[in-house]
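Engineer: Here is the input, now give the coordinates:
(one chain, ligands or ions: 1)
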Amino acid sequence: MADDPKQLSRDVLDKLYTELAKFPGVATKNDHYLALSYAVRDRLLHRWVASARAILERKQRTVVYLSAEYLIGPQLGANLQALGMTDVARAAMTELGVSLDELIAHEEEPGLGNGGLGRLAACFMDSLATLDIAAVGHGLRYEFGIFDQEIRDGWQVERTDRWLRAGNPWEVRRYEIEHPVGFGGHVEWRGGRARWIPERVVNGVPYDVPVAGFGTETTNFLRLWSAQAAEEFDLDAFQVGEYWRAVDAKIRSENLTKVLYPNDSSPAGKQLRLEQQYFFVSCALQDCIRLLLHGGAPIEKFGDTLAVQLNDTHPTLAIPELMRLLMDVHGLGWDAAWAIVQKSIAYTNHTLLPEALETWPLPLVARLLPRHLEIIYEINRRFLDEVRAKFPGDDARVRRMSVIGEDGDKQVRMAHLATVASHRINGVAALHSRLLRETVLRDFAELWPEKFTNVTNGVTPRRFIALANPKLASLVTDAIGDGWVRDLDRLRELERFAGDAAFGEKWRAVKRANKAELAERFRFDPSALLDAQCKRIHEYKRQHLNLLHVIALWNRLRDGEDIGAPRTILFAGKAAPAYRAAKLIIRLAHGIADAVAADPRARDQLRVVFVPDFSVKVAQRIYPAADLSEQISTAGLEASGTGNMKFTLNGALTIGTLDGANVEIREAVGADHFFLFGLTAEQVAAKQAAGYHPRDVRDTELARAIATMGDLGEIYAPLVHDLRERDPFLVCADFRAYCDAQRAVEAAWRDRAAWTRSSILNVARAGKFSSDRSIREYAQLVWNVGRLT
Ligand code: NBG
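Structural biologist: Now for the predicted structure:
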């Protein structure tokens with residue numbers, strides 16, 4: 001397919017007629033967007049089919065990535081980039097009198113995830129394809145993704161995300177594939193073999209979304225499963241005149257993939273969520289086996305051929321499901337099946353928050369998945385025998401390690417199950433992996449030290465530099481060539497420009513232009529320092545610490561003091577709909593924004609902006625504009641963070657605690673170019689063990705800031721009370737150190753040349769945080785996979 005603008009514009013017109021039944025005179029922006037996307041998709045399909053064949057021929061072990069969430073972001077711009085045809089598309093659309101940028105901006109992204117975990121999965125899919133590693137990402141095709149956030153009177157209001165309403169040109173429904181997934185019922189044993197007779201069956205049907213590698217032909221795909229009623233219509237019910245009952249089962253089955261649970265770092269604990277989890281891993285594994293056998297391999301080859309990665313515990317039911325399929329359906333014995341499970345499955349942990357470690361009530365699992373519970377019991381029985389053999393008489397240890405928890409009502413502990421069955425367990429940053437071994441999974445790390453490893457997260461430079469920040473990308477490319485897009489360590493060559501005044505001026509001009517674009521939309525002074533905190537709203541991430549500092553700045557201005565330089569503090573992020581404290585923090589950000597804006601003594605120096613409805617699309621506009629990145633979680637609680645990397649790679653300096661990947665970012669960029677503050681994870685633990693109470697923190701500026709918060713309105717009373725009486729996230733304990741670090745920021749910002757130098761060095765030294773590096777490590781340490789080409 002020749003790719004000149006003429007050919008492409010002809011194809012777009014053709015799609016307009018043949019796919020959308022429109023002629024240009026009546027085509028809407030959405031029609032043009034769809035027509036162009038179809039034309040681009042055709043080009044992707046050629047690569048995709050070639051890669052699919054390579055997978056089928058099993059040239060290399062294939063990675064099967066299991067994730068309940070993917071936040072892939074808008075696709076048109078990324079796919080044009082991967083195909084190297086952005087310029088051609090721009091010219092083609094200009095010929096048709098349409099702006100490519102408007103079409104790219106028009107796209108509604110699939111919000112099939114909550115936050116960092118889902119976005120990480122998307123970055124990993126990008127890197128897998130770019131590194132020519134055969135991979136399929138299995139997940140759920142939620143009809144409604146993460147809710148749209150509206151702000152009304154300062155409060156978050158959730159709106160249904162109808163992302164499919166205008167059509168989704170990037171997915172291909174595979175009509176020939178369909179897998180039955182059972183729920184409930186009972187187990188029958190015959191001749192030593194179990195047979196599960198489910199009470200109801202739902203069909204899983206796949207929608208594939210291509211993931212094109214950058215600068216290579218390899219194109220992998222996401223296979224997102226959607227639920228479809230096994231019986232469209234209950235004929236018996238219909239014949240007795242009960243039309244409603246006739247379609248009821250259909251509606252109930254299809255509810256399964258209706259909506260994403262909008263919780264971040266905490267389990268939903270609801271039956272439908274467990275059904276979703278089982279549904280997609282069952283579809284994924286049945287599909288893997290179908291492909292394996294179709295390719296002519298015996299079932300015994302499963303482990304040699306496939307590397308199955310559990311993205312957090314959400315897909316843990318893959319373990320008993322694979323055992324069941326291998327034994328009950330394909331006739332293997334326990335030992336053979338277990339060897340395959342252990343060979344293929346690995347588990348990534350993404351959180352240490354105790355409330356976020358998934359457990360499911362035993363009676364629920366028994367009712368929904370009776371055969372799986374039997375298998376889980378047997379896995380546990382064999383496992384605990386091993387523990388007893390190694391630690392005779394240590395009953396406390398046996399109880400701690402059991403897959404079945406007995407705290408109150410009995411539960412299945414998903415992290416334990418995942419750990420027992422996996423050959424590798426990894427955390428997502430060095431500190432997190434260490435804490436995982438020392439705390440949450442300590443007993444397991446003592447039993448099997450060799451199973452544990454670390455793979456620090458990374459982000460794709462294609463989307464988060466090249467696509468999001470074209471001005472920076474071209475400045476960097478002019479300086480050092482374009483090799484960095486596929487080999488981010490090359491950014492180090494920028495170090496020699498760090499002291500170059502002319503280069504520094506261009507660097508600042510890029511930041512200023514990016515900031516001006518955002519400032520126009522959200523009305524702030526583009527010359528002010530842009531201080532940004534973008535992530536889910538959560539008490540452990542401490543947006544309220546940031547807000548207390550804003551209040552302190554405001555109080556200083558009210559006292560006629562100077563705050564160094566004008567500053568805009570920008571927030572973005574969603575709160576889980578049921579998380580009251582987080583929603584109150586959003587309200588507080590708006591309350592402070594209004595109060596400051598109304599105060600003539602403060603408003604020229606200080607501005608608070610809340611950017612609603614944070615998404616990949618919105619994020620791509622904020623990272624390039626930010627000067628300062630807020631990474632201020634209570635140490636020990638943020639597993640890694642990936643926004644921290646995106647800000648750094650766009651030239652923001654970080655103010656942060658020694659938490660998650662901040663530790664490694666600081667190590668990489670140098671302590672002089674990072675604003676560190678706060679208690680370490682060990683100090684946090686020690687303080688809490690010693691009976692921390694916020695009243696013991698004596699600090700007049702802090703006391704006044706909390707009082708000011710209370711004065712802003714009665715509604716903030718719960719927050720004020722919590723800060724004064726409990727403060728579980730040590731906001732008060734870290735307040736002074738945070739303010740001091742912010743003073744250091746003020747001072748550093750005054751020396752613009754030095755700031756620019758630090759900014760350049762941050763970018764130059766952050767090559768490690770490419771997801772390509774993460775994927776290379778997984779390939780080597782976890783998956784044992786090579787490249788397709
Ligand atoms: C999140 C962590 C982040 C981390 C991402 C991706 C969950 C359970 N965990 O710190 O909070 O960056 O995972 O690893 O969403």
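Engineer: Can you report phi and psi for the nearest residue to Ala227 once chain neighbours are set aside?
Structural biologist: Take Ala227 and drop its neighbours on the chain: the residue closest to it by CB to CB, 6 or more residues apart in numbering is Leu256, 3.8 Å away. In short, each C-beta sits where N, CA and C put it, glycine included. Per-residue torsions, Leu256: phi -50, psi -40 (degrees, to the nearest 10).
Engineer: Number of residues surrounding Leu256?
Structural biologist: Neighbouring residues of Leu256 were enumerated by other CB atoms under 10 Å; the total is 24.
Engineer: Return the distance of it relative to Pro320.
Structural biologist: In this structure, Leu256 and Pro320 are 19 Å apart, going by CB to CB, to the nearest Å.
Engineer: do Leu676 as well
Structural biologist: Relative to Pro320, Leu676 is positioned 45 Å away (CB to CB).
Engineer: The two: who's more crowded?
Structural biologist: The neighbour count for Leu676 versus Pro320, taken as other CB under 10 Å, is higher for Pro320 (26 against 16).
Engineer: name the element the more buried one belongs to?
Structural biologist: Pro320 is part of helix 318-324, with elements assigned from DSSP states H and E.
Engineer: ditto for Tyr65
Structural biologist: Assigned by DSSP H and E, Tyr65 belongs to strand 62-66.
Engineer: Can you pull the residues of the stretch 251-400 of the chain lying near the ligand?
Structural biologist: Taking CB under 6 Å from any ligand atom as the test, the list of the stretch 251-400 of the chain residues beside the ligand reads Asp264, Ser265, Asp312, His350, Thr351, Ala356.
Engineer: Check those residues and tell me the two furthest apart.
Structural biologist: Taking every pair in these and measuring CB to CB, the maximum separation is 11.5 Å, between Asp264 and Asp312.
Engineer: what is in contact with these two at once?
Structural biologist: Shared contacts of Asp264 and Asp312, defined by CB atoms under 8 Å, 6 or more residues apart in numbering, comprise Leu117.
Engineer: Could you list everything the closest residue to Leu44 other than its chain neighbours pairs with in the sheet?
Structural biologist: Once flanking residues are discounted, Leu44 sits nearest to Pro210: 4.8 Å by CB to CB, 6+ apart. Under the criterion DSSP bridges, Pro210 forms beta bridges with Phe221.
Engineer: about what we covered before: residues contacting the helix holding Pro320, please?
Structural biologist: 66, 194, 196, 278, 281-282, 284-285, 302, 308, 310, 334, 337-338, 340-341, 344-345, 369, 371-373, 375-376, 379, 417-418, 421.
Engineer: what does stretch 762-769 give?
Structural biologist: Under CB under 8 Å, 6+ apart, the answer for stretch 762-769 is 456-459, 472, 476, 484, 487-495, 498, 645, 648-654, 661, 664-665, 668-670, 673, 773.
Engineer: Buried only: go through those residues for me.
Structural biologist: For the contacts of stretch 762-769, a burial check counting by 16 or more other CB atoms under 10 Å picks out 456-459, 472, 476, 484, 488, 490-494, 498, 645, 648-654, 661, 664-665, 668-669, 673, 773.
Engineer: restrict those residues to contacts with the ligand.
Structural biologist: Restricting the buried ones among the contacts of stretch 762-769 to those adjacent to the ligand (criterion: CB under 6 Å from any ligand atom) gives Asn457.
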